[in-house]
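> build me a model from this:
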Amino acid sequence: MKLKNYILTCIILLLSFNASAQYGSQKKADNLFNKFSFVSAAEVYHNLIEKDFNADYATRQLADSYAYMRNPDSAVVYYQKAVQQDNIPIEYYYNYAQALRGVKDYKQSRVWLRRFKDAGGVVKKDKYLKDSDFITSIFNAKQQYFLADVNFNSKYSDFGAFEQNGTIYFASSKDVGVSTKHIYGWNEEPFLDIYTAQNRTDSIVDHKSKIKGDINSIYHDGPLTITKDGKTMYFSRNDFNKNVLGKDDEGMTHLKIYKASLVDGEWTNVEELSFNSNAYSTGHPALNSDDTKLYFTSDRSGGYGGSDIYYVDINNDGSLGDPQNLGSVVNTDKNEMFPFVNSENALFFSSDGHAGLGLLDIFGTVSNANNSIISVLNLGVPVNSSKDDFSFFMNDDGLSGFFASNRDGGIGGDDIYAYDRIPQLKIEGTITDAITNAPVPNAVVTLLDSNGNKIADLQTDENGHFEINIDRDTDYRLDTKKENYIDDSRMVTTKGIENNVTSINADFVLNPVLEKELPITELYPIYFDFNKYDIRRESTAELDRIVDLMMNKYPNMVIKIESHTDSRGTSAYNDILSKERANATYKYLIANGVDASRITEYEGFGERKLTNDCDGTINCTEDQHQLNRRTQFIVIKME
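So this is what the prediction gives:
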């Protein structure tokens, strides 16, 4: 291999590796962001900005990350950059205004709030008036969650949905199909048992769907959590073990947490945890991401009031440490309960002590670089309502899950609701050879905004595939380039795409450069005067020659037209001017007898494909600029 080719190959491979690595970083950052791991997400977004890979998007995400981390000083810096972007979603005007309020710059905050209103934004009555709560205002600037039906709800109480390996576990007092029911005197409903369903559309869930084994008793059972290996369960139950109902000194039965093992498909070996007590309730178990901590709710003495959230360490031998209160950032003088910890160790819980929309609201927590919880975040509507909202669960994708609520419009007392977050939208495609239909690896795909500004360079893999995350309600252009192939380009829009769509396709079929009797260089370019698209008199000779070639010498020849400008003028204006030049050239050939079907495209590329270095950074002569004001003719097919 010649040195030049070797160097070129190395550059291409390096570009491919970097593009793939950066897109992988973007997906990683978005995943972390969706799961409330804002510190780690911010680090990756910083790196993407430094690499200038989809930097506008990364800047907006970074601004939000800093806001959620309760760091208004840094949030303001990146919101200020974000609001300078073209076609910025207007909620970022609102976010910037709220972040400015967080740094007590009320004058500028009012300016940007007015700009948000002028752009069509609606400012709802703010329930979070304290400057310290600016993050909740930002988080709720746009709807984060969208609800979906759960078909296995009953006319009784259903809550505590937990999903693992395709099975949904939940607590319910439905007791359908059982002739003898044990009734709970408090609400005249059957006691809770744990059931399973295979998906949220499963409507046939009855007594046959109860969890197998020794979990369900004649009293309340559930909710639960299961270790990652699927072998150990922790669950709530009334103080009932070995057929004995426990009571405190006043004759009241409390909740306790029990542990069970999966043996031959059934849950058995039920045992009580060491930190339970007959004197107070302990329930609502939740595990962290590596099963080393068990979180729970308890109204034991020594807390902040009502019920608090605690955790214990799970030692290697299975023994448990001493309960630790999560502290005053999470716990209040009222009730905190139903903890859940996602795969990035972000805690979610319900509370009627933090500022909310009604009774129990669901909150997420934000941690700092030391994994210490620094603030809580109200998840807003529609997850929260004016009634009780609780038992939040998030799948590992960070985009879907469940919660329960006794809000109006449900089927029973408590109902399970499924939620989905708007997923990240990506554009993906495959580039293939027009003749062989084989994939084209290592092709460069450039994503540009509607004004021709580069967002990112991508590289197709060995299967000719490429993909990148993009914004919704936005126009883009994709340019493709590969040595020994004819460049291609197309516009792509994400406007009007439904929220449940996660990918749009943009496949390309590239025509190889043909080494035929008539080389491409035999069709010479024509040139234009500055700021004009009229066909010059001297250009008609070349155009007439092309007409003669196509109509007489090569009757099957197919071409495409590409027109260009010099670098003077704005990019947007030059795009328009180049399109006019392409259109004028096309019309001349058609008017002189060339069949329109033999001209596949006539496109303008503005100043993006200069033939020299006259890009505005150096002084150039008029003759040098003239070389860029041109229309080129590219042979697509000869036979």
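> list the contacts of the residue nearest to Ile470 when sequence neighbours are not counted.
Nearest residue to Ile470 in three dimensions, chain neighbours excluded: Ile427, at 5.2 Å (C-beta to C-beta, 6 or more residues apart in numbering). (Each C-beta comes from the backbone N, C-alpha and C, glycine too.) Residues counted as contacts of Ile427 (C-beta atoms under 8 Å, 6 or more residues apart in numbering) are Leu447, Glu467, Ile468, Ile470, Tyr476, Leu478, Val492, Thr494, Ser503, Ile504, Asn505, Ala506.
> now with 7 Å?
Shown in contact with Ile427 (C-beta atoms under 7 Å, 6 or more residues apart in numbering): Glu467, Ile468, Ile470, Val492, Ile504, Ala506.
> kindly format the C-alpha coordinates of stretch 39-48 as PDB.
Extracted C-alpha coordinates of stretch 39-48, given in PDB (Å, rounded to 0.1, in the frame of the first residue of the first chain):
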ATOM      1  CA  VAL A  39     -23.600  14.800  37.500                       C
ATOM      2  CA  SER A  40     -22.400  12.000  35.300                       C
ATOM      3  CA  ALA A  41     -24.500  13.200  32.400                       C
ATOM      4  CA  ALA A  42     -23.000  16.700  32.700                       C
ATOM      5  CA  GLU A  43     -19.500  15.300  32.400                       C
ATOM      6  CA  VAL A  44     -20.300  13.600  29.100                       C
ATOM      7  CA  TYR A  45     -22.200  16.600  27.700                       C
ATOM      8  CA  HIS A  46     -19.100  18.700  28.400                       C
ATOM      9  CA  ASN A  47     -17.000  16.300  26.400                       C
ATOM     10  CA  LEU A  48     -19.400  16.400  23.500                       C
END
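> so which bits of that stretch are buried?
Going by neighbour count (16 or more other C-beta atoms under 10 Å), the buried part of stretch 39-48 is Val39, Ser40, Ala41, Ala42, Val44, Tyr45, His46, Asn47, Leu48.
> can you check stretch 459-470 too?
Applying 16+ other C-beta under 10 Å to stretch 459-470 flags Gln459, Thr460, Asp461, Gly464, Phe466, Glu467, Ile468, Asn469, Ile470 as buried.
> kindly report the same for stretch 582-598.
Ala582, Asn583, Ala584, Thr585, Tyr586, Tyr588, Leu589, Val594, Arg598.
> quick check: the farthest pair among the residues you listed?
Within the buried residues of stretch 582-598, Ala584 and Arg598 form the most distant pair, 17.8 Å apart (C-beta to C-beta).
> follow-up on the earlier one: save the buried residues of stretch 39-48 as JSON lines, and put in pLDDT, distance to Asn612 and secondary structure too.
Listed next are the buried residues of stretch 39-48 as JSON lines, based on pLDDT from 0 to 100; distance: C-beta to C-beta, whole Å; DSSP: H, G, I helix; E, B strand; the rest coil:
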{"residue": "Val39", "pLDDT": "94", "distance to Asn612": "47", "secondary structure": "helix"}
{"residue": "Ser40", "pLDDT": "93", "distance to Asn612": "45", "secondary structure": "helix"}
{"residue": "Ala41", "pLDDT": "94", "distance to Asn612": "43", "secondary structure": "helix"}
{"residue": "Ala42", "pLDDT": "94", "distance to Asn612": "42", "secondary structure": "helix"}
{"residue": "Val44", "pLDDT": "94", "distance to Asn612": "38", "secondary structure": "helix"}
{"residue": "Tyr45", "pLDDT": "95", "distance to Asn612": "37", "secondary structure": "helix"}
{"residue": "His46", "pLDDT": "95", "distance to Asn612": "36", "secondary structure": "helix"}
{"residue": "Asn47", "pLDDT": "92", "distance to Asn612": "34", "secondary structure": "helix"}
{"residue": "Leu48", "pLDDT": "92", "distance to Asn612": "32", "secondary structure": "helix"}
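> just give me the closest of the residues you listed to Met638.
Distances from Met638 to these, taken as C-beta to C-beta, are shortest for Leu48 (44.5 Å).
> thought the closest one was touching Lys28?
No. Leu48 is beyond contact range of Lys28, at 10.1 Å (criterion: C-beta atoms under 7 Å).
> so for stretch 555-567, mean pLDDT?
The average pLDDT within stretch 555-567 is 92.
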